[in-house]
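[1] only geometry, no sequence info:
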């Protein structure tokens, strides 16, 4: 999937019903919008409709009026939408602990423009990755964890998210379990990378579990967090082959690349508005 | 990609122009058709529009009238279309020589219903694969090649294609170069499997070429045939890793699986109406 | 991995100890054997040594004497070995139910010589796949399952295995749970294909479980059976990407190819004497 | 492939001959060395023998005497060897132009210890990547190219290689053709990453060539440079799937990951002494 630059993105979803596609495409046509890519999917199990359109706008395009019109048309269909202008860069906060491979990878992709985002904060329970963030000119927030008072630390995290206006939180190997409270607040806009092919090897030290089982493939899963630890809707998964000569620590090393790639892919999908939540699963258009 | 059963498929293409999506979706809506999947792509290089829609029809649906209406709407857009009813099975002729792995694979997939096709003829320049065709109850045409009179053999091939009403020809490791004349006649409806990652290793004995070069990946390319040998529009490519311990004959063995899979994938795309010819390239929706 | 034809294969294993490699290679040298490939691995966790050597023998080679010598040398190292002459074809029994994709694939690979085996029996609890076995000239044993008397059916299975001298049993989508008794008897020489990436989705209907979880990859696992259902040592795993548009039944279809490939790969490894059991895991050289 | 830490590596090659394996393993045994991994391959086409052994040494191990003994034993076999102690880090020079993805990736892998190397110099014909090298504390040499006097620039490059004692040169998207003279000097110890699946798309702008051909896979090739541009022995190749919606510039972006991964893999193989030159091809053990 690649995105055509200089296009707007309209995404929408609604209950399944005759006319969902038409209400979108007709409005775009009437407004003089030129569709370059269009993808829609009607989930017959969930009875839900999903659509993503990339389009160019006429010279006299007025975003405000356009939105008003969308609202009018979509309301009868119970259709919610998101409209993203060309060149939009989402504000993103990244949470890390000590492992830096995913952070390094994400910051690199931001720097060269591959991921359309502005990283507004790196938040960690450890001080180690401050230099890396600093080199990219990004504020680093070190909030150590007091096991007696986790809520206090999470409150500081939440404050940064609020103050920076972060639209997406990336848990780039943040090695702490979030409280149900924080999970609920982040529902749908926080992406975690788990270093196994979920639902296999949930919980701690998945590579050591994988070694013990003698698997021949290790993998990584990028998913939205929700209340259920390591159970949120899956966005992307990647895999790497291993053999008997890989001890547990080799699996850890071996998994780094696939963790980076899988997380970056999921973040890219999210930023390009390709991902829709759908009853514990995702639709990726 | 998977196809929802019990849906019609409408595919169309035209020069790029404002309103191409709308003219399709509006008509479907007006006719009471329920869209389950919709995918369109506007190629900004080729300035050409491609669309594929899966939809269910109302109980009073009349295919004839529906087609008339499509014609009326699409003509101003210079838009050509193809309409495929649910359960449609294309008539397919398969051409082979002595290697049977692709034939075996294709017939198996037909038998279990994975490829929606009826194989109406197996045509070969050798008698070897007759039993395999016979077991599947498919007529086998053995047309030996007289090097002095290739046109005569090709005339017999053409006659079978005509008589059986074949809509697709699959060259499943047919080891003869077709004449330009026959290539022209088959343009756009004959799929060949070449046992290399085209454009690398064109021509004869690609695995031996690959061995000599010491490549670490071998592959296969399924493409429409055209006048230019091994140069037609690519539909699908697959790849398999190899190492120094694979001699040329090992590469031949190693490549069989990826040839079968790549050819089957391309044939599936074609039968599901996913493939569009686009100026020497393909769009696969 | 590819095997050089016309070579003998010597495999051996023993507790880790200084001199394990030397005792093998020195004997081969003294006997005038020419080593073409040699692979050994000393597992520092399990403290166990594994070796696989392919070699050519001198014209005056005497297998009996060679074995006697091996015994003498290896006994002090507690080393067990297996010696396989060139062109050896193992006797194999295949167990199936109604799904035939793996059976079709295995019989094809036997027929073209890709898997060095003689299928001596196809055993099933259903009559459906008899014609497929018959076409390949292989005896088909239909042993229906009386839920009240499973031991009786398994006794008949065991009898066939005994009478045919089967050295390997392949469970090619045999949809019955074997009794602990039969599992114990088959320990180390029966390969099962499970249609998920174990240890994820153990048990019944793994594709339906996978759909419910919204995974983006489905896979297959070939493993030796042991007492613990779906828990035996893993030999090979394969994976295929899927998306939101694949309903559970699409995953079933999608998984067929990867099941065939993964099972065939594992069987090939076993027949080429590449697989060693190692404390609930496998070493594949 | 993973390397056991705290092991020495012995690699050797010679013409094919009876006794090549034995002469290596017997000496190791006599010296009290404990073999943890052993891999040898005898190329029946090239009539050449290759071996790689990882082993631990006894407490009274004397490297100098060990080497003398190896020489004595190996000379009659015309066998050349390389002996690498545990923890050895090769001195590496990296050449770049403006694209920094491979440089960023290599420096990261050095920093976390995944690639056992010390980058002693980054050399470029452009000043752009100086900050990246500086952050990692690595000297940056900016040698602009005077098209009228390429030899002068290459002389400066050569001088840096000499002065730093570089043992490996990595061309990490260095966008200049090296002179035959420099190629000859770097023969066997300089690795280039070419952004296509060689031998397809040799020469300039391979992604644009790939777009024009409508390929469905793009790839990258890491190879030793030799006199023949883009024709040196291949070490590793990687591949990524693409579709019709990827314009040429999208392929460029899409290819970055696979270029990084393929180059890093090849460099890792080289540093772990896994790669042997073999008549225009490589053996990777």
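    Alright, I've got the coordinates. Note that this is a predicted model, so its numbers are computed, not measured.
[2] what's downstream of the helix or strand containing residue A:36, the next helix or strand?
    Residue A:36 belongs to strand A:34-43 when assigned by DSSP states H and E. Next helix or strand after strand A:34-43 toward the C-terminus (DSSP H and E): strand A:48-56.
[3] and the next helix or strand past that following strand?
    Trace forward from strand A:48-56 with DSSP H and E and the next one is helix A:63-74.
[4] give me the contact list for that following helix.
    For helix A:63-74, contacts defined as CB atoms under 8 Å, 6 or more residues apart in numbering or on different chains pick out A:10, A:12, A:14, A:23, A:27, A:31, A:57, A:80-81, A:83, A:85. Where you see a C-beta, it was placed from the backbone N, CA and C, and this is true even at glycine.
[5] the same query, at a cut-off of 7 Å, please.
    Under the contact criterion CB atoms under 7 Å, 6 or more residues apart in numbering or on different chains, helix A:63-74 has outside partners A:12, A:23, A:27, A:31, A:81, A:83.
[6] of these, select the buried ones using a PyMOL command.
    In PyMOL, a selection of the buried entries from the contacts of helix A:63-74 looks like this (16 or more other CB atoms under 10 Å in any protein chain shown):
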select buried, chain A and resi 12+23+27+31+81
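[7] between the contacts of helix A:63-74, which is closest to chain B?
    residue A:23 (8.6 Å; CB to the nearest CB).
[8] the closest one belongs to a strand?
    No: counting by DSSP: H, G, I helix; E, B strand; the rest coil, residue A:23 falls outside a strand, being helix.
[9] nearest spatial neighbour of it, chain-adjacent residues omitted?
    Counting by CB to CB, 6 or more residues apart in numbering or on different chains, residue A:23 lies nearest to residue A:73, which is 5.4 Å off, once chain neighbours are set aside.
[10] residues near that neighbour, how many?
    Neighbour count of residue A:73, defined by other CB atoms under 10 Å in any protein chain shown: 16.
[11] can you list the low-confidence ranges for the stretch 1-150 of chain A?
    The model of the stretch 1-150 of chain A has pLDDT under 70 over residues A:1-4.
[12] hey, which helix is longest across chain A?
    Longest helix in chain A by number of residues, with DSSP state H as the criterion: helix A:248-271.
[13] give me the mean pLDDT for the next helix or strand after that helix.
    On the C-terminal side of helix A:248-271, the closest following helix or strand by DSSP H and E is strand A:275-278. For strand A:275-278, the mean pLDDT works out to 96.
[14] roughly how far out does the longest helix of chain A sit from the chain middle?
    Centroid separation between helix A:248-271 and its chain, computed with CA atoms, centre = their mean, to the nearest Å, is 13 Å.
[15] now for the residue of the stretch 51-200 of chain A found nearest chain B, how many residues are close by?
    Scanning the stretch 51-200 of chain A for the residue nearest chain B gives residue A:51, at 7.9 Å (criterion: CB to the nearest CB). Residue A:51 has 26 neighbours, counted by other CB under 10 Å.
[16] bridging residues for it?
    Following DSSP bridges, residue A:51 is listed with bridge partners residue A:12, residue A:40.
[17] any idea how far it is from residue A:27?
    12 Å (CB to CB, to the nearest Å).
[18] quickly run through the sheet partners of whichever strand or helix holds residue A:123, with directions.
    Assigned by DSSP H and E, residue A:123 belongs to strand A:117-124. Strand A:117-124 has its sheet partners listed here by DSSP bridges as strand A:90-96 (parallel), strand A:140-142 (parallel).
[19] in the longest one, what counts as buried?
    Read that as strand A:90-96. A:90, A:92-96.
[20] can you tell if the helix or strand that comes right after it touches chain D?
    Next in sequence after strand A:90-96, counting helices and strands by DSSP H and E, comes helix A:101-111. Yes: residues of helix A:101-111 are located near chain D by CB under 7 Å from any CB of the partner chain, namely A:104, A:108.
[21] could you check how far helix A:101-111 is from the centre of its chain?
    14 Å.
[22] which elements pack onto that helix?
    strand A:90-96, strand A:117-124, helix A:248-271 (3 or more CB pairs under 7 Å, 6 or more residues apart in numbering or on different chains; DSSP states H and E).
[23] thinking again about what came up before, possible to save the buried residues of strand A:90-96 as JSON lines with distance to residue C:200?
    As requested, the buried residues of strand A:90-96 are arranged in JSON lines below (distance: CB to CB, whole Å):
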{"residue": "A:90", "distance to residue C:200": "32"}
{"residue": "A:92", "distance to residue C:200": "30"}
{"residue": "A:93", "distance to residue C:200": "31"}
{"residue": "A:94", "distance to residue C:200": "28"}
{"residue": "A:95", "distance to residue C:200": "26"}
{"residue": "A:96", "distance to residue C:200": "27"}
